[in-house]
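K.L.:
Mind folding the following:
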Amino acid sequence: MVLIFSAAYSILMADLGDYLTTREVADLLGVTKARVDQFRKERRLEGVPIGNAVVYRRKDVMAFKKLKRRSGRKKGYSPKNQSQPANGSTEGQS
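P.N.:
Residues are numbered from 1 along each chain as shown. Predicted coordinates:
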């Protein structure tokens, strides 16, 4: 049964030449698979579900890669207290 599934999966993936797996997208973008899933959930990158897997159109991934993205948090952002200054000063606070 495993051989049949593996063969069917190989044929299916061969027919999807214009599509990339989550791992392939992650490698191409230089991010983790979890981050690719997050891009999909945020609707920044469109995925096509096939059974339990998700594949991505190569042209969509390449267009997404060309977009300018800033990494990291906004300067001065603090998850504990958003009004706290970026330099960590606590002057004037009680």
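
K.L.:
who touches residue 54 in this structure?
P.N.:
22, 37, 40, 47, 48 (CB atoms under 8 Å, 6 or more residues apart in numbering). Any C-beta I mention is one placed from the backbone N, CA and C, and that applies to glycine too.

K.L.:
top of those residues by neighbour count?
P.N.:
residue 47 (22 neighbours; other CB atoms under 10 Å).

K.L.:
re the thing from before, which of the contacts of residue 54 lies closest to residue 30?
P.N.:
Closest to residue 30 out of the contacts of residue 54 is residue 22 (14.0 Å), distances taken as CB to CB.

K.L.:
State the distance from the closest one to residue 42.
P.N.:
As judged by CB to CB, to the nearest Å, residue 22 and residue 42 stand 15 Å apart.

K.L.:
cool, residue 49 as well?
P.N.:
Residue 49 is 16 Å from residue 42, by CB to CB.

K.L.:
and what of residue 63?
P.N.:
16 Å.
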